[in-house]
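# here is the input, now give the coordinates:
(one chain, ligands or ions: 1)
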Amino acid sequence: MDCNGYRQENHDQNLFPKPKVLVLEPPPVFIYHEDKLSQKFHFLKAWDSPLPLDQFLTTHAHSVQAILSHGSCPVTTNTIRLLPSLGLIVTTSAGLDQIDLQECRRRGVSVAYAGSLFSADVADIAVGLLIDALRKISAGNRYVTQGLWANNGDFSLGSKLGGRKVGIVGLGSIGLEVGKRLEPFGCNILYCSRNKKSSVSYPYYSNVCELAANCEVLIICCELNEQTRHVINKEVLLALGKKGLIINVGRGAIIDEQEMVRCLMQGEIAGAGLDVFENEPHVPSELISLDNVVLSPHRAVHTEETLMALVDLVIGNLEAFFSNKPLLSPVLLDK
Ligand SMILES: O=CC(=O)O
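This is a model prediction of the structure:
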């Protein structure tokens with residue numbers, strides 16, 4: 001052993017090698033907290049390898065029991081099939097649309113996720129985007145920084161938040177947090193969800209088009225799945241109407257993006273606040289040039305504080321799996 005204890009540490013690692021965890025693409029929690037994660041696990045970095053993905057997976061096929069994944073990184077049938085020892089996928093995301101859950105169910109692969117860890121942060125951004133779109137904060141910032149104020153330009157009036165009828169699409173943990181924040185502003189909350197919730201007295205609509213016709217703002221908080229893909233279509237946008245605003249903190253593909261761009265350009269709806277897009281990180285160029293649209297780079301979920309909590313959750317789930325204990329935040333896969 002040298003004075004740094006190097007050989008001893010190496011020796012211990014040979015006796016008790018760290019469990020191997022595959023990372024296809026690094027999630028933000030990995031980028032910010034790699035040191036902490038690497039104290040416990042040996043990460044196989046697929047994105048860092050010169051090998052094509054399939055070859056990388058085949059090379060490590062028998063040693064990979066767990067994958068660390070995130071919301072923008074697909075875990076496909078092919079990936080799962082190339083890993084016969086796989087027993088767990090830990091995603092750092094609340095959304096599960098990138099993971100082939102059917103194949104996980106078929107293979108008996110467990111899945112752990114972020115659950116409601118980010119709900120408050122996402123709700124904050126939804127409200128922030130709404131206030132920005134109504135009161136034109138970003139547009140006002142451009143007006144000042146581009147020197148238009150000093151040149152006696154004209155800056156149009158914004159609209160009031162209080163008293164507004166806000167329709168929440170998806171009253172899960174994020175939607176509930178949005179409602180909780182907007183009530184004290186004096187907004188009237190309505191919602192559409194798979195089921196009516198007994199915990200709230202907000203008016204319920206089973207049909208999203210009817211909800212849109214009865215509110216002035218739609219805030220998309222639901223998950224993306226086969227039923228919700230493009231559920232916000234032309235009919236819904238037209239029902240929302242020329243004074244209507246759309247806020248999206250769910251997933252880009254819940255809205256028919258092309259149709260939304262057309263409605264925004266033709267004044268069929270008044271504006272939008274968007275944290276998510278259909279083809280991230282690509283944002284339709286038309287949206288970039290519109291002054292009535294506020295854009296955010298799919299960051300609603302991430303604050304320093306929640307990333308700190310997330311790293312502990314990821315470690316806890318991986319440790320539970322490798323020691324045959326119950327996962328901390330399992331996804332319940334139907335049988
Ligand atoms: O978008 C991020 C997530 O689903 O957690």
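# break the chain down into its structural domains.
Structural domains annotated on the chain: 20-116+304-323, 118-295, as defined by the TED database.
# low-confidence ranges in the stretch 51-200 of the chain?
Within the stretch 51-200 of the chain, no range satisfies pLDDT under 70.
# show me where it has strands.
66-69, 88-91, 110-112, 165-169, 188-192 (DSSP state E, counting those that start in this stretch).
# any chance of those in TSV, plus mean neighbour count and distance to the ligand?
Yep, even glycine has a C-beta here, placed from its N, CA and C like the rest. TSV is the format used below for these (neighbours: other CB atoms under 10 Å; distance: least, CB to the nearest ligand atom, whole Å):
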stretch	mean neighbour count	distance to the ligand
strand 66-69	25	11
strand 88-91	24	8
strand 110-112	22	13
strand 165-169	25	16
strand 188-192	22	20
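# closest one to residue 19 among those?
Residue 19 lies closest, by CB to CB, to one member of the strands of the stretch 51-200 of the chain: strand 66-69, at 7.0 Å.
# CA atoms only for that closest one - export them in CSV, please.
The C-alpha atoms that make up strand 66-69 are tabulated as CSV, following Å, rounded to 0.1, in the frame of the first residue of the first chain:
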residue,chain,number,x,y,z
ALA,A,66,-29.2,-1.7,-14.4
ILE,A,67,-29.6,1.4,-16.6
LEU,A,68,-29.6,5.0,-15.5
SER,A,69,-31.7,6.9,-18.0
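# direction included, what does it pair against?
The strands that strand 66-69 pairs with in its sheet are strand 20-23 (parallel), strand 88-91 (parallel) (by DSSP bridges).
# can you name the residues of the stretch 1-150 of the chain that neighbour the ligand?
Counting by CB under 6 Å from any ligand atom, the stretch 1-150 of the chain comes close to the ligand at 71, 93-95, 114, 118.
# narrow those to just the buried residues.
Buried by 16 or more other CB atoms under 10 Å: 71, 93-95, 114, 118, out of those.
# out of the residues you listed, which comes closest to residue 232?
Closest to residue 232, out of all of those and judged by CB to CB, is residue 95, at 16.3 Å.
# so that closest one makes contact with residue 251?
Yes - contact criterion CB atoms under 8 Å: residue 95 and residue 251 qualify, at 6.1 Å.
# and for those two, which residues touch both?
Counting by CB atoms under 8 Å, 6 or more residues apart in numbering, the common neighbours of residue 95 and residue 251 are 223-224.
# as JSON lines, the domains of the chain with distance to residue 330 would be great.
Output for these, formatted as JSON lines (distance: least, CB to CB, whole Å):
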{"stretch": "domain 20-116+304-323", "distance to residue 330": "6"}
{"stretch": "domain 118-295", "distance to residue 330": "16"}
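# quick check: which of those is nearest to residue 334?
That would be domain 20-116+304-323 among the domains of the chain, by CB to CB, at 7.0 Å.
# and that closest one, how far out from the chain middle?
Remark: domain 20-116+304-323 is offset 16 Å from the chain centroid, using CA atoms, centre = their mean, to the nearest Å.
# and it, how far apart are its ends?
Terminal residues of domain 20-116+304-323 lie 13 Å apart, using CA to CA, to the nearest Å.
# likewise for stretch 228-243?
Across its full length, stretch 228-243 reaches 24 Å between end residues, using CA to CA.
# try stretch 152-165
Start-to-end span of stretch 152-165 (CA to CA) is 34 Å.
# same question for stretch 197-208.
Stretch 197-208 has an end-to-end distance of 16 Å (CA to CA).
# which residues in the stretch 1-150 of the chain form helices?
6-15, 28-38, 53-59, 77-81, 101-107, 119-135, 137-145 (DSSP state H, counting those that start in this stretch).
# distance between the longest one and the chain's centre?
To tie it back to what came earlier, the one meant is helix 119-135. How far helix 119-135 lies from its chain's middle: 14 Å, per CA atoms, centre = their mean.
# in that helix, what's buried?
In terms of neighbour count (16+ other CB under 10 Å), helix 119-135 has its buried residues at 119-134.
# for those, which one is nearest residue 180?
residue 123 (7.5 Å).
# pretty sure the closest one is touching residue 171, no?
No - using CB under 8 Å, residue 123 is not in contact with residue 171; the gap is 11.8 Å.
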